[in-house]
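*Asks:* predicted structure and sequence below. I'll ask about it afterward.
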Amino acid sequence: MSKHLSSLLLIYTGGTIGMKQDPTRKALVPFDFSQILEEVPEIGKFAFRTDSYTFDPLIDSSDVDPTLWQALARLIGERYDDYDGFIILHGTDTMAYSASALSFMLDGLAKPVIFTGSQLPVGVPRTDGKENLISAVEIASARDSEDHALVPEVCILFDSKLIRGNRSTKVNAEMFDAFRSPNLAPLAEAGIQIRYNNDLIIKPSDWDKPLRVNPSLDTRVSILKVHPGITRQTVEDILYGGSTRAVIIETYGAGNAPTAPWFLDCVREADRAGKVLVNVTQCLRGTVNMDLYATGKSLAEAGVISGYDSTTESALAKLFHLLGTYHDNDTVKTLMGRNLKGEISK
């Protein structure tokens, strides 16, 4: 492995990880990330230069919206030639959405873009923030014998596991293992040594190809979660929304939904109106297979396309990206069924 020391840009958007206790007020306040090496000096062992960029104002995770994703993508595009990797410090509540979005917005990526954060602030005892940040920096700095990044993907590093960003979902609000990748093994695991799952890591076909940033997003997407007792009015309100181009239908099991005539009539009408309808399972693990049961077949016949084993977060980000790129909904439907950035097992 190369002895090359990397240059990294730490981007602080907000979130728990950037807090420390003010000695006077005894309250948690954001610390100055330009002094990150004072807080976590171990970072200096992996990078010869670690710069920081702090969003102003800081953004609470629950307030994240696509304008942040566009700002992050543009920032990485502008600084891409200056650094070997990027660490994005982000609140946990919407981290999976942000990581999914950037995976589609950054095309030709040949450098690590690693999201991380913490359940406890860096400035309190037992924090998971330092360990998450140190592991993220070490992985972002890791290079092979040809001086290429070991993990040139958009990822999340949390609780010693590196997972593909567009395969991630938050599963725990209290414990340190906040994120999981139900349908894909971790790309790396940090123990005494960091073990890389090289067979899963996506590498660029051309390491010298310039990065292309695709900031265009169309957010006219709704989510319909199927549940027992769902009413026709609810289904119509979501499927027929005049400003909606696409709807993610969160179904049961392998992609099943009610077979009541009124429900399927609503789906058919939405399809005839040109809506992009995507079937994603409510289950954490597994895939949509609309050929397996009659209920799934009925949805397929009504015009619903399979989201396979995509997470809802990834399906939403993928739709935002495709709808923002293509005005033709038929093209969007075709591309939703293709594996673009490792987001589905297909």
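*Replies:* Sure, I can see it.

*Asks:* from Thr325, how far off is Leu68?
*Replies:* Using Cβ to Cβ, to the nearest Å, Leu68 is found at 19 Å from Thr325. Heads up, the C-betas are built off the backbone N, CA and C, glycines and all.

*Asks:* between the two, tell me which one has more neighbours.
*Replies:* Leu68 (19 against 15; other Cβ atoms under 10 Å).

*Asks:* helix, strand or coil for that one?
*Replies:* helix (DSSP: H, G, I helix; E, B strand; the rest coil).

*Asks:* burial of the residue nearest to it when sequence neighbours are not counted, as a residue count?
*Replies:* Spatial nearest neighbour of Leu68, chain neighbours left out: Ile59 (5.9 Å); criterion: Cβ to Cβ, 6 or more residues apart in numbering. Look at Ile59: counted by other Cβ under 10 Å, it has 20 neighbours.

*Asks:* who are the contact partners of Ile59?
*Replies:* Contact analysis of Ile59 by Cβ atoms under 8 Å, 6 or more residues apart in numbering lists Thr13, Gly14, Leu68, Gly91.

*Asks:* got a markdown table for those residues, with secondary structure and distance to Ser98 too?
*Replies:* A markdown table is the format used below for the contacts of Ile59 (DSSP: H, G, I helix; E, B strand; the rest coil; distance: Cβ to Cβ, whole Å):
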| residue | secondary structure | distance to Ser98 |
| --- | --- | --- |
| Thr13 | coil | 8 |
| Gly14 | coil | 11 |
| Leu68 | helix | 7 |
| Gly91 | coil | 9 |
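
*Asks:* okay, among the residues you listed, which ones form the most distant pair?
*Replies:* Using Cβ to Cβ, the two most remote members of those are Leu68 and Gly91, lying 10.7 Å apart.

*Asks:* what is in contact with the two at once?
*Replies:* Shared contacts of Leu68 and Gly91, defined by Cβ under 8 Å, 6+ apart, are found at Thr13, Ile59.

*Asks:* surely Lys297 is within a strand?
*Replies:* No - counting by three-state DSSP, Lys297 is not part of a strand but helix.

*Asks:* separation between the closest residue in space to it that isn't next to it in sequence and Lys45?
*Replies:* The shortest distance from Lys297 to any non-neighbouring residue, by Cβ to Cβ, 6+ apart, is to Met290 (6.1 Å). Per Cβ to Cβ, Met290 is found 51 Å from Lys45.

*Asks:* neighbour count winner among those two?
*Replies:* Set Met290 next to Lys45 and count neighbours by other Cβ under 10 Å: Met290 wins out with 21 against 11.

*Asks:* any idea how many residues pack against His321?
*Replies:* Applying other Cβ under 10 Å, we find 26 residues neighbouring His321.

*Asks:* give the contact list for it.
*Replies:* Taking Cβ under 8 Å, 6+ apart, we find His321 in contact with Ala101, Phe104, Met105, Asn214, Ser216, Leu217.

*Asks:* ok, for the fifth one, nearest residue in space, not its chain neighbours?
*Replies:* I take that to be Ser216. Ranked by Cβ to Cβ, 6+ apart and with sequence neighbours excluded, the top spatial neighbour of Ser216 is Gly324, at 3.8 Å.

*Asks:* pull the CA atoms of whichever strand or helix holds that neighbour into PDB?
*Replies:* Using DSSP states H and E, Gly324 maps to helix 312-325. The C-alpha coordinates for helix 312-325 follow below in PDB (Å, rounded to 0.1, in the frame of the first residue of the first chain):
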ATOM      1  CA  THR A 312     -36.800   4.500   0.400                       C
ATOM      2  CA  GLU A 313     -34.100   7.000   0.900                       C
ATOM      3  CA  SER A 314     -32.300   5.900  -2.200                       C
ATOM      4  CA  ALA A 315     -35.400   5.600  -4.300                       C
ATOM      5  CA  LEU A 316     -36.300   9.200  -3.400                       C
ATOM      6  CA  ALA A 317     -32.900  10.600  -4.200                       C
ATOM      7  CA  LYS A 318     -32.700   8.600  -7.400                       C
ATOM      8  CA  LEU A 319     -36.100  10.000  -8.500                       C
ATOM      9  CA  PHE A 320     -35.100  13.500  -7.600                       C
ATOM     10  CA  HIS A 321     -32.000  13.100  -9.700                       C
ATOM     11  CA  LEU A 322     -33.600  11.500 -12.700                       C
ATOM     12  CA  LEU A 323     -36.600  13.800 -12.800                       C
ATOM     13  CA  GLY A 324     -34.200  16.700 -12.600                       C
ATOM     14  CA  THR A 325     -32.200  15.400 -15.500                       C
END
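
*Asks:* report the angle between the very next helix or strand once past it and helix 312-325.
*Replies:* Proceeding N to C from helix 312-325, the next assigned helix or strand is helix 329-336, under DSSP H and E. Here the directions of helix 329-336 and helix 312-325 differ by 140 degrees (axes from the mean of the first three to the mean of the last three Cα atoms, to 10 degrees).
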